[in-house]
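# Any chance you could fold what I've pasted below:
(2 chains)
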There are 2 protein chains.
Amino acid sequence: MKLLEGAVDHGGSLGRARALFPNAVLPFVDLSTGINPHSYPLFDLPATSLWRLPEAARGRELIGIATTTYGAPSPANVVAAPGTQILLPRVASLIAPGRALVLGPTYAEHARAADIAGHEVAEVSDFAALAGADLAIVVNPNNPDGRVIERDRLLALAAGLRAKGGLLVVDEAFMDVGPREHSLAGDADRGGIVVLRSFGKFFGLAGLRLGFALSDAETVRRLDTQFGPWAVAGPALEYGIRALADIAWQDAMRGSLADASARLDALFGRFGVPVAGGTTLFRYLSSLDAAGLFSALGEAGILLRHFADRPHVLRAGLPGSEEEWQRLESALAVWASRREDQPKGSKR
Amino acid sequence: MKLLEGAVDHGGSLGRARALFPNAVLPFVDLSTGINPHSYPLFDLPATSLWRLPEAARGRELIGIATTTYGAPSPANVVAAPGTQILLPRVASLIAPGRALVLGPTYAEHARAADIAGHEVAEVSDFAALAGADLAIVVNPNNPDGRVIERDRLLALAAGLRAKGGLLVVDEAFMDVGPREHSLAGDADRGGIVVLRSFGKFFGLAGLRLGFALSDAETVRRLDTQFGPWAVAGPALEYGIRALADIAWQDAMRGSLADASARLDALFGRFGVPVAGGTTLFRYLSSLDAAGLFSALGEAGILLRHFADRPHVLRAGLPGSEEEWQRLESALAVWASRREDQPKGSKR
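As a prediction, the model looks like this:
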């Protein structure tokens, strides 16, 4: 088994943030992830959800609700797992080792998972190139830039891959905030397609670890067998069942997130930070002095996501509380004023 | 990929119990598992453990505590996963497909996992036969009969397997209640050994999904890579860190469980039910009319574990509350009196 060297860098680690910015104003305002800061309302978990093995009937209930909410063809097309992350190497192992192409730049764990599964992995920037893959991976909408591939194009790609025994994986981790008309959830039974859905991001409950794969029934059965009984913990089952069924909350939240992301764009705009895309759960900042902004905000205790291999882009999640919005605004104001001072300073 | 047909039957499903005993006295007294009915004390989880991605530093803390509590050589020899169950196919996949031998009868998921991993699987009843395996699997102490294989014999077996590139998997799911001098946790770095430890059974928190594999550092790294970051959910991290570090609770619990299992043996003994072994988390009932006792108790709402392929044995977990003890005693009394009446009745 060949492994990529080293771990992939991710957002969402306060430990790493403390190491980077030891003198930062605390607590950190963590905008380094695309996780909704307004979580599904917390409730008291039944003690039995901790004490007892997760009940199979409760697992079937979760699958039924996920089927409806995501719009999968049937419950036989949906499998639940303890987070989408743990699904990735299993999904990549569904076909024999071959050529894996990842439409990039995107979430780095896909390349790692395909590598673990024994594929030769390359990143391509041209969608059309994916047709040459045995395993093609598209994050839709994409993280971090929000690029959307239309459903028709994905279905055409899937048909081509299927004809040669290949597989299209569409990671719809952020599809809860749309554009849902381009989701392949309803097409998951066509064969040669695996759609991944994440619970924790949109519902703001990333610690619970819950994710889904949608595919044809035989593939779902193969994945399910790998995870065995009780793969989803009791707390994740309880929250998954309640939150995925709560369509009113989901619809209202989509509206709130759209408002919040518009507010974030306006705020960045006031300080001359160009927003180049994203979803309503995160914004993609491009063509800027990313390192300078990342450091200035980090020292003020505000964490964005930077990318080691792409020095000119950043990703910003949504502030949660009004206090967090104010801290971001203040930090941007300080950064902007320093930037204006800089040319004068260098002439001195 | 070859799969065993059908799912493995397990204890711990109230849905299945309701289907089997639709007229049972409710609520069920579930003695069908080996899960401790006296859980580690529940506490309020920090909201961040649900909201945020599990923090890497907190994961390292858990590994450090597990290393000490289980007696592993070093933290590099321990990997955590969302339950032991999900580890099984990954562990069975550590070596190339070959001959897997499971010391049986035992927990059925081991054979299933080895089969998923592509091995030719057979169950053997003679420990010495395991030397002929590429992958040898021993549950120690064994579930359901409590049979213990001495550490020296296991180490000798492991040395033989290691010499030919094989692997010994020792599932110590119930080793928390001993005999711990026969644990291979401290030998996990010798190579060719994987020790599995379960959190949920002894700590009575099976719904959280937390398990560990102990092995040499390279094998731990390979397993860790398969699971990726955030494999263990926030709630499991929090409980794992607190409970595994609480040696006083563990020591007291071992004493309580010994008392409770002695009480259970005495109760069964009063009604002529032979106890043939087990651990202090479950008792193994053998040489009896298993189907009759299972049905009689089931109708009274008391669930034991029966085994479809072994009609003369049952497994009984520990009652929790005094009410559960009383219900078990009453049900046993009714069963015993009916049994005594039967010969007379048939003469009428």
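# Please identify the residues of the stretch 151-300 of chain A in proximity to chain B?
A:200, A:204-209, A:221-222, A:225-236, A:239 (C-beta under 8 Å from any C-beta of the partner chain). All C-beta atoms are positioned from the backbone trio N, CA, C, and that covers glycine.
# Please list the members of those that lie in helices.
In helices, defined here by DSSP state H, the members of those are A:221-222, A:225-227, A:234-236, A:239.
# Please convert the buried members of those residues into PyMOL selection syntax.
Selection of the buried residues among those in PyMOL, burial being defined by 16 or more other C-beta atoms under 10 Å in any protein chain shown:
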select buried, chain A and resi 222+225+226+227+234+235+236+239
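# Give me the below-cutoff pLDDT ranges for chain A.
Applying pLDDT under 70 to chain A flags the ranges A:1-8, A:342-348.
# where exactly do the strands run in the stretch 201-348 of chain A?
Using DSSP state E, counting those that start in this stretch, the strands found in the stretch 201-348 of chain A span residues A:211-214, A:275-279, A:282-285, A:302-303, A:305-306, A:314-317.
# Could you export the ones you listed as JSON lines, including mean neighbour count and distance to residue B:147?
Output for these, formatted as JSON lines (neighbours: other C-beta atoms under 10 Å in any protein chain shown; distance: least, C-beta to C-beta, whole Å):
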{"stretch": "strand A:211-214", "mean neighbour count": "27", "distance to residue B:147": "39"}
{"stretch": "strand A:275-279", "mean neighbour count": "21", "distance to residue B:147": "56"}
{"stretch": "strand A:282-285", "mean neighbour count": "26", "distance to residue B:147": "54"}
{"stretch": "strand A:302-303", "mean neighbour count": "27", "distance to residue B:147": "53"}
{"stretch": "strand A:305-306", "mean neighbour count": "22", "distance to residue B:147": "53"}
{"stretch": "strand A:314-317", "mean neighbour count": "26", "distance to residue B:147": "53"}
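# right, and those strands - which one's nearest residue B:104?
Closest approach to residue B:104 among the strands of the stretch 201-348 of chain A is made by strand A:211-214 (32.5 Å; C-beta to C-beta).
# Give me the helices and strands touching that closest one, please.
helix A:56-70, strand A:78-81, helix A:87-92, strand A:193-198, helix A:217-227 (3 or more C-beta pairs under 8 Å, 6 or more residues apart in numbering or on different chains; DSSP states H and E).
# Distance to residue B:107 for those - can I get that in a markdown table?
Below are the helices and strands packed on strand A:211-214 laid out as a markdown table (distance: least, C-beta to C-beta, whole Å):
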| stretch | distance to residue B:107 |
| --- | --- |
| helix A:56-70 | 17 |
| strand A:78-81 | 22 |
| helix A:87-92 | 22 |
| strand A:193-198 | 30 |
| helix A:217-227 | 17 |
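# closest to residue A:255 out of the ones you listed?
In terms of C-beta to C-beta, the element of the helices and strands packed on strand A:211-214 nearest to residue A:255 is helix A:56-70, at 17.1 Å.
# gap between the closest one and the chain center?
With C-alpha atoms, centre = their mean, to the nearest Å as the basis, helix A:56-70 stands 21 Å off its chain's centre.
# would you list every one of the helices in chain A?
Under the criterion DSSP H, helices of chain A are mapped to A:14-20, A:48-51, A:56-70, A:87-92, A:109-116, A:151-163, A:217-227, A:234-245, A:247-270, A:290-299, A:322-347.
# burial of the closest residue to residue A:39 other than its chain neighbours, as a residue count?
Leaving aside its chain neighbours, residue A:39 sits nearest to residue A:204 (3.1 Å; criterion: C-beta to C-beta, 6 or more residues apart in numbering or on different chains). Neighbours of residue A:204 under the rule other C-beta atoms under 10 Å in any protein chain shown: 23.
# Next: residue A:46.
Neighbour number of residue A:46 under other C-beta under 10 Å is 13.
# How about it: what's its closest non-neighbour residue?
In space, residue A:46 is closest to residue A:238, 6.9 Å off (C-beta to C-beta, 6+ apart).
# quick one, what contacts that neighbour?
Listed by C-beta atoms under 8 Å, 6 or more residues apart in numbering or on different chains, the contact set of residue A:238 reads A:45-46, A:49.
# do the same with residue A:209
Taking C-beta under 8 Å, 6+ apart, we find residue A:209 in contact with A:82-83, A:86, A:200, A:233, A:236, B:54, B:82, B:230-234.
# repeat that for 6 Å
Taking C-beta atoms under 6 Å, 6 or more residues apart in numbering or on different chains as the criterion, residue A:209 is in contact with A:82-83, B:233.
# Redo these as JSON lines? Include distance to residue B:124.
Shown next, in JSON lines, are those (distance: C-beta to C-beta, whole Å):
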{"residue": "A:82", "distance to residue B:124": "33"}
{"residue": "A:83", "distance to residue B:124": "37"}
{"residue": "B:233", "distance to residue B:124": "37"}
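# now these: which count as buried?
Using 16+ other C-beta under 10 Å as the threshold, A:82-83, B:233 are the buried ones among the contacts of residue A:209.
# Distance-wise, check the spatially most central residue of chain A relative to residue A:109.
Centroid check for chain A by C-alpha atoms, centre = their mean gives residue A:173 as the closest residue, at 4.3 Å. Distance, residue A:173 to residue A:109, by C-beta to C-beta, to the nearest Å: 11 Å.
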